[in-house]
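Asks: structure for the following, please:
(4 chains)
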Number of protein chains: 2
Amino acid sequence: METQTDLLFRALADPTRRSLFERLCREGEQTVGALTATAGVSQPAVSKHLAALKAAGLVADRHEGRQTHYSPRTAALGPLADWTKDMAQFWEGRFDALEDLLSRMDQ
Amino acid sequence: METQTDLLFRALADPTRRSLFERLCREGEQTVGALTATAGVSQPAVSKHLAALKAAGLVADRHEGRQTHYSPRTAALGPLADWTKDMAQFWEGRFDALEDLLSRMDQ
DNA sequence: AGTTTCCATAACCTTGGAGTTATAGATGAG
DNA sequence: CTCATCTATAACTCCAAGGTTATGGAAACT
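Replies: Numbers count the residues shown, from 1 in each chain, chains lettered A, B, ... in the order given. So this is what the prediction gives:
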């Protein structure tokens, strides 16, 4: 099964795709053409990357005439932030437990 | 060129590999054998995943006799947390999402 | 000594996915 | 209406990488 977290991590794994998302975060809403101009890959490649980002909830699209505007949805980064915090805390928790154990043994 | 951030995101993209790292964070140091027992893939596959995690700085290994113990290095998650925070902060358009994300990361 | 256990590496197979070109569909311009 | 422009999709190639089995090398057991 394909969880939402899997989708998120996989979407951010590709450098080209991550670069597109970064540009949207820095510069705000962009059309496919504008993104393609400096992406370093073809327009169909950009469209496919944007589709992957959209599937992961990382971007939203808005149609205006014949162009499509994409914008970042940073709320989708929530699970990533949660996961990172959890992993760090699990380990820090054990470290605290170790310190607690050592302090008890000192007495 | 292959940046450290690329390595980090790519290492965490694979579900099996991420699961191994999660187990190390939750349960602490483990031998390859212990990890293999419940990983759902073969021992060589586990070894290769651990090598990838090590290349990304996410784990450290310690040799003891004929077994190798792996432990998490949560410090390697720093760049990931920084990147997430940066992306959220660049996007100034949606303060609700930004505040929500930052509040989750603060804790 | 020989044998078994633990891990890493090699060799190989297979698949997912990132890239391409070509094209269809939709909209704007002349 | 006709033609150009913008984006998405189709069809295809190619390679990175995750999976396997087989094996090598080192350490522990008998």
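
Asks: for the rest of this, base every contact and every neighbour count on C-alpha atoms.
Replies: Noted.

Asks: show the pLDDT at A:Met87.
Replies: Model confidence at A:Met87, expressed as pLDDT, equals 93.

Asks: all the helices of chain A, in order from the start?
Replies: A:4-13, A:15-27, A:32-37, A:43-55, A:78-106 (DSSP state H).

Asks: in TSV, list those helices along with mean neighbour count.
Replies: Shown next, in TSV, are those (neighbours: other CA atoms under 10 Å in any protein chain shown):
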stretch	mean neighbour count
helix A:4-13	19
helix A:15-27	19
helix A:32-37	16
helix A:43-55	17
helix A:78-106	15
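
Asks: in terms of mean pLDDT, which of those helices ranks lowest?
Replies: When I compare those, helix A:78-106 is least confident, with a mean of 74.

Asks: look up how far A:Pro44 lies from whatever residue of chain A ends up closest to DNA strand D.
Replies: Among all residues of chain A, A:Gly33 sits closest to DNA strand D, at 3.1 Å; criterion: CA to the nearest atom of the strand. Using CA to CA, to the nearest Å, A:Gly33 is found at 10 Å from A:Pro44.

Asks: before we move on, what about A:Gln4?
Replies: From A:Gln4 to A:Pro44 the distance is 25 Å (CA to CA).

Asks: swap in A:Asp61?
Replies: From A:Asp61 over to A:Pro44 the distance is 16 Å, taken as CA to CA.

Asks: JSON lines for the helices of chain A, including distance to B:His49?
Replies: JSON lines is the format used below for the helices of chain A (distance: least, CA to CA, whole Å):
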{"stretch": "helix A:4-13", "distance to B:His49": "16"}
{"stretch": "helix A:15-27", "distance to B:His49": "20"}
{"stretch": "helix A:32-37", "distance to B:His49": "34"}
{"stretch": "helix A:43-55", "distance to B:His49": "25"}
{"stretch": "helix A:78-106", "distance to B:His49": "18"}
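
Asks: which one of those helices lies nearest to B:Leu20?
Replies: For B:Leu20, the closest of the helices of chain A is helix A:78-106, at 11.8 Å, according to CA to CA.

Asks: can you redo the helices of chain A as TSV with distance to DNA strand C?
Replies: Below are the helices of chain A laid out as TSV (distance: least, CA to the nearest atom of the strand, whole Å):
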stretch	distance to DNA strand C
helix A:4-13	7
helix A:15-27	5
helix A:32-37	10
helix A:43-55	4
helix A:78-106	18
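
Asks: out of these, nearest to B:Arg10?
Replies: Nearest to B:Arg10 among these is helix A:4-13; the distance by CA to CA comes to 4.9 Å.
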